[in-house]
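Asker: Using only what follows, build the 3D model:
(one chain, ligands or ions: 1)
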Amino acid sequence: MTLRLFRTFTLQVIHKRFYNQSPVRVRFAPSPTGQLHLGGLRTALYNYLFARQNGGSFILRIEDTDQLRVEVGAMEKLQEDLLWSGIIPDEGPMTGGPKGPYVQSKRLDLYREQIEKLLENGSAYYCFCSERRLEMLRKEAMKAGEVPKYDNRCRHLEKEVIASKLSRQDPHCIRFKLTDKPKPFHDLVYGDVSISQGEGDPVVIKSDGFPTYHFANVVDDHFMEISHVLRGIEWQISTPKHLEMYQAFGWTPPQFGHLPLILNADGTKLSKRQGDIKVESFRKDGIFPLALLNYITYAGGGFRRTEGFQDVCHTYANLIKQFDISKINTSSSKLHHDKLMEFNKLELSNLLDDTNNMGFLVRKLQDMVLEAFPDRRNDGSLQLDDHHMITILEWARDRITKLTDLISKDLAFLWVAPRLSKAIEDPEILASLRTLYTELQNWERSNFERHQLNDYLKKFANDNGLKFPAFMKSLRTVLSGLQHGPSVAEMMEILGKDKTLDRLKHCHSH
Ligand code: GLU
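Answerer: Sure, this is the predicted structure:
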């Protein structure tokens, strides 16, 4: 054993023995009832950062016990969105791992086995109440202006009655006995929290034999050896109930921390129906994963913010380094759309800084163009050569916020070569374009800049006795085949020297 390894090993042993701390294992546990949206992404991200920061493991678990709400394909889509965002689980349905399976519907035997323990020690009981009776209880409560709750009637059934109902196969569920006084608990984000539930005993195994969320969640967190549960604030109300279940099993619970709500900048709630909070919408819109993650982290706390921290689109490594669970705010996080655009611009620039990324960016842009001009795919009029793509990407740095900006209508001339039929007929203009071509050949590429070009074109028209507007109109046609778009000089700048010459040559070789 090398000295370094030996040190690490002894430190681990000392740590475990004296601090009695188990390794950090956290999980993201979405239900596959829809697509990943910003709230879920934030939960996944904070768990991931916490795991990475502590040398722990990040686990993905799919909670699909509510079979009626499961959406076909949602599980695959969730994993795809997570991979896209760079939040890669160490264990999960795709990766596998030592504590699998990682999909709850594949763990039914475990739940069956575990519920027996609670039935045996008296913490859970069979309930034979019919849907009709429960409905009546609900109605009575409503009439009395009370919150409906189960009256725990089946807690008191005689053993013999239960046995005979079970042997008759009467429909039933299993409920967990809640105490009257739930204990306060320490929330890693909110501090000491006490919530009085005032609810009836919750169902833990439904009449179809499937566990409910609460039961499967506790059993899985225990068997997957989860050390910390970081989840949305909407689950805080369930935590006392979960803690009672840990106690009933005689298990040590994980530590709990709840993440505040994410709101729109104006304080209104994000709605799942709003298409624009789905991760997929951002993907399609040309947002880079890191820009999206920075946007989310900007909204809430959770980071040691040194000066200028918020002006940078941070890398994964930096986010991991700066993450600090004690800095998560308890007040709601607000999203600022303009920040998303700023981060995306910064990220594009970061990506362009590294030539290794060029191939990826070029391919991405090529795909976007192909998708944007489907009717031009096969007629050879799309200009997608790597050199052209790189010129455009370089030009675009600091000018655009998203790659999709490059396929806007105004910039269609970049990709679609003008049709030959649009070539110029007027012999005088044609001759001048030929001269222009020859003169421009001697230009340095770096001088292809709109102001210089504009001054030059004015002088050129003047020197050649051409009417400036008519000349510019023809030049626009030759360069873009379009009537509208940016100024001609700007178009030449964006196209760059090579493509400008290409298109000029094209018109008079015709
Ligand atoms: N399945 C729950 C959800 O959809 C998980 C909540 C938790 O993390 O305990 O958010």
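
Asker: so where does the residue of the stretch 201-350 of the chain found nearest the ligand fall, helix or strand?
Answerer: Among the residues of the stretch 201-350 of the chain, residue 231 lies closest to the ligand, at 3.5 Å counting by CB to the nearest ligand atom. C-beta: built from backbone N, CA, C; applies to glycine. Under the criterion of DSSP states H and E, residue 231 resides in strand 228-232.

Asker: Name the residues that touch that strand?
Answerer: 24-27, 29, 39, 43, 46-47, 50, 188, 221, 254-259, 261, 325 (CB atoms under 8 Å, 6 or more residues apart in numbering).

Asker: go with 10 Å
Answerer: 24-29, 39-40, 42-44, 46-51, 54, 56, 188-189, 217, 221, 235, 238-239, 242, 253-262, 302, 325, 328 (CB atoms under 10 Å, 6 or more residues apart in numbering).

Asker: What strands flank it, and is each parallel or antiparallel?
Answerer: strand 255-259 (parallel) (DSSP bridges).

Asker: For the strand it pairs with, give the mean pLDDT please.
Answerer: For strand 255-259, mean pLDDT is 97.

Asker: Name the residues of that strand that are buried.
Answerer: Neighbour-count burial for strand 255-259, counted by 16 or more other CB atoms under 10 Å, picks out 256-259.

Asker: Likewise for stretch 261-277?
Answerer: For stretch 261-277, using 16+ other CB under 10 Å, the buried residues are 262-263, 270, 277.

Asker: farthest-separated two in these?
Answerer: Pairwise distances across those peak at 11.1 Å for 263 and 277 (criterion: CB to CB).

Asker: Identify the contacts common to the two.
Answerer: Common neighbours of residue 263 and residue 277 (CB under 10 Å, 6+ apart) are 270, 335.

Asker: In stretch 307-315, which of the residues would be classed as buried?
Answerer: The neighbour-count check on stretch 307-315 (16+ other CB under 10 Å) flags 313-314 as buried.

Asker: now do stretch 366-375
Answerer: Neighbour counts over stretch 366-375 (16+ other CB under 10 Å) mark 366, 368-369, 372-373 as buried.

Asker: now swap in stretch 82-89 and tell me
Answerer: For stretch 82-89, by 16+ other CB under 10 Å, it's 82, 85, 87, 89.

Asker: Quick check: the farthest pair among those?
Answerer: Across those (CB to CB), the longest gap, 11.6 Å, separates 85 and 89.

Asker: joint contacts of those two?
Answerer: Shared contacts of residue 85 and residue 89, counting by CB under 10 Å, 6+ apart, come down to 44, 48.

Asker: coming back round to it: so how do I select the buried members of the contacts of strand 228-232 in PyMOL?
Answerer: Buried subset of those, written as a PyMOL selection, criterion 16+ other CB under 10 Å:
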select buried, resi 24+25+26+27+28+29+39+40+42+43+44+46+47+48+49+50+51+54+56+188+189+217+221+235+238+239+242+253+254+256+257+258+259+260+262+302+325+328
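
Asker: same for the ligand: which of the contacts of strand 228-232 are within range?
Answerer: Contacts with the ligand within the contacts of strand 228-232, as defined by CB under 6 Å from any ligand atom: 29, 217, 235.

Asker: Determine the three-state secondary structure at the residue nearest to residue 500 when sequence neighbours are not counted.
Answerer: Nearest residue to residue 500, sequence neighbours excluded (CB to CB, 6 or more residues apart in numbering): residue 492, at 4.9 Å. Following DSSP: H, G, I helix; E, B strand; the rest coil, we place residue 492 in the helix state.

Asker: out of the contacts of strand 228-232, which are inside helices?
Answerer: Using DSSP state H, the members of these that fall within helices are 39-40, 42-44, 46-51, 217, 221, 239, 242.

Asker: Looking at these, spot the one nearest residue 94.
Answerer: Distance to residue 94 across these (CB to CB) is lowest for residue 44, with 14.2 Å.

Asker: That closest one and residue 290, how far apart?
Answerer: Distance of residue 44 to residue 290, given as CB to CB, to the nearest Å: 14 Å.

Asker: Then residue 30?
Answerer: 21 Å.

Asker: swap in residue 398?
Answerer: For residue 398, the distance to residue 290 - CB to CB - is 17 Å.

Asker: before we move on, the earlier item: partners of the residue of the stretch 201-350 of the chain closest to the ligand in the sheet?
Answerer: residue 258.

Asker: ok, it to residue 395 distance?
Answerer: For residue 231, the distance to residue 395 - CB to CB - is 45 Å.

Asker: quick one, which of the two is more surrounded?
Answerer: residue 231 (21 against 17; other CB atoms under 10 Å).

Asker: Read off the pLDDT value for that one.
Answerer: Residue 231 is assigned a predicted lDDT (pLDDT) of 98.

Asker: in the stretch 51-200 of the chain, what spans have low per-residue confidence?
Answerer: 197 (pLDDT under 70).

Asker: Can you pull the residues of it lying near the ligand?
Answerer: Contact residues (CB under 6 Å from any ligand atom) of the stretch 51-200 of the chain with the ligand: residue 63.

Asker: In the stretch 51-200 of the chain, what residue comes closest to the ligand?
Answerer: For the stretch 51-200 of the chain, CB to the nearest ligand atom, closest residue to the ligand: residue 63, 3.6 Å.

Asker: number of nearby residues for that residue?
Answerer: 19.

Asker: just residue 415 next, same as before
Answerer: A total of 23 residues lie near residue 415 under the criterion other CB under 10 Å.

Asker: Excluding covalently adjacent residues, which one is nearest to it?
Answerer: Nearest non-adjacent residue to residue 415 (CB to CB, 6+ apart): residue 369, at 4.8 Å.

Asker: Report whether the expected contact of the one you found with residue 406 is present.
Answerer: Yes. At 8.0 Å, residue 369 counts as touching residue 406 under the criterion of CB atoms under 10 Å.

Asker: shared neighbours of the two, anything?
Answerer: By CB under 10 Å, 6+ apart, the residues touching both residue 369 and residue 406 are 389, 392, 412, 414-415.

Asker: Out of these, which is nearest to residue 118?
Answerer: residue 389 (62.0 Å).

Asker: same for whichever strand or helix holds that closest one, what does it pack against?
Answerer: Per DSSP H and E: residue 389 is located in helix 386-396. Applying 3 or more CB pairs under 10 Å, 6 or more residues apart in numbering; DSSP states H and E, we find helix 386-396 packed against helix 337-353, helix 358-372, helix 488-509.

Asker: Spell out the residue ranges of the strands in the stretch 401-510 of the chain.
Answerer: Secondary structure of the stretch 401-510 of the chain (DSSP state E, counting those that start in this stretch): no strands located.

Asker: Contacts only, for the residue in it positioned nearest to the ligand.
Answerer: The nearest approach of the stretch 401-510 of the chain to the ligand comes at residue 402, 29.7 Å away (CB to the nearest ligand atom). Going by CB under 10 Å, 6+ apart, residue 402 touches 282, 285-288, 291, 340-341, 344-345, 348, 396, 408.
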